[in-house]
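Engineer: Task: produce atomic coordinates for the following.
(one chain, ligands or ions: 3)
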Amino acid sequence: MLKRPQQPVIHGADAFAAMRKAGRFTAEILDYIGDFVKPGVTTGEIDQICHDYHIAHGATPGPLGFHGYPKSICTSVNEVICHGVPGDRVLKDGDIINIDVTPIVDGWFGDSSRMFFVGKVSPVARNLVKTTYDAMMRGINTVRPGATLGDVGHAIQSYAEERGYSIVRDFAGHGIGRTMHTVPQVLHYGRPGTDLRLEPGMFFTIEPMLNIGAREAVILADGWTAMTRDGSLSAQFEHTVAVTETGVEIFTLSPQGHRFPPYAVKA
Ligand code: MF3
Ligand code: CO
Ligand code: CO
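Structural biologist: Ligands and ions are numbered 1, 2, ... in the order given. Next up, the predicted model:
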């Protein structure tokens, strides 16, 4: 059978409504887990707490069993770029950790990650984390009908590289909706005017990973955990977004207004 390259789905109003609900729940998990990130806790404990939160709210953790993935979330500490598998690693003062959650709500996927600080974090790490957040937002704010994915990737790459960081190329954002990963592939580097032209109704993630050192990744023996080849620190943020008639809608914004760490303590 002749197979054509898949085209991104153009979603309508019902899909937007469903993704607003999934995206809001995604952000609520990240808002909730923040209080548990502190020295002495293990990544496995954070996974268990997030897992239970999904179940308590009638949602399903998308990663669990996805291509054999053994846990419900990803926890990527320090030199881990992404897809860190929760386990016995104990968080210690000064660590930075990315928590990436991908719940299924009424059949629709939300996907978002944020960085968290464990205790007191060095200025070097804080600068990496803030620059990664700002790079993601540069990319998101480039999204509008008529812009291209090359414009988005270029906005992210140029922002990061001008500040001395490298952009990881081995992992990309992705179309999302009733499946976790679909077309388009959303590169976090690129040239203006190239790649897919954006149209209202497209849903995808933007999830840049920035390293202090070189961009190359290595995969650990667990088959999942991606770390920097040179052992340097890495950070990532992720939002799920839609192209709208006028620009962009972020489905996974925090209802509590949390954006990047340090997050305000609740009253
Ligand atoms: N949330 C990840 C992403 O941003 C994917 C998690 S699925 C896993 O695409 F199997 F890799 F954990
Ligand atoms: Co994603
Ligand atoms: Co994710």
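Engineer: The nearest residue to residue 263 once chain neighbours are set aside: how many residues sit nearby?
Structural biologist: Leaving out its chain neighbours, the residue that sits closest to residue 263 by C-beta to C-beta, 6 or more residues apart in numbering is residue 34, at 5.4 Å. In this view, the C-beta of every residue, glycine as well, is placed from N, C-alpha and C. When counting by other C-beta atoms under 10 Å, one arrives at 21 neighbours for residue 34.
Engineer: mind listing what residue 34 touches?
Structural biologist: If you count contacts by C-beta atoms under 8 Å, 6 or more residues apart in numbering, residue 34 has them with 116, 258, 263.
Engineer: Next, residue 52: phi, psi?
Structural biologist: The phi and psi values for residue 52, taken as degrees, to the nearest 10, are phi -60, psi -40.
Engineer: how far away is it from residue 113?
Structural biologist: Using C-beta to C-beta, to the nearest Å, one gets 19 Å for the distance from residue 52 to residue 113.
Engineer: between the two, who's got more neighbours?
Structural biologist: A count of neighbours by other C-beta under 10 Å puts residue 113 above the other of residue 52 and residue 113, at 26 against 11.
Engineer: helix or strand for the more buried one, which one?
Structural biologist: strand 112-117 (DSSP states H and E).
Engineer: How about that strand and ligand 2, touching?
Structural biologist: No: when contact is scored as C-beta under 5 Å from the ion, no part of strand 112-117 falls within range of ligand 2; the minimum is 7.7 Å.
Engineer: which other helices and strands contact the next helix or strand after that strand?
Structural biologist: Using DSSP H and E, the helix or strand that directly follows strand 112-117 along the chain is helix 123-140. Judged by 3 or more C-beta pairs under 8 Å, 6 or more residues apart in numbering; DSSP states H and E, helix 123-140 is in contact with strand 96-101, strand 112-117, helix 149-162, strand 203-206, strand 209-211, strand 234-236, strand 239-243.
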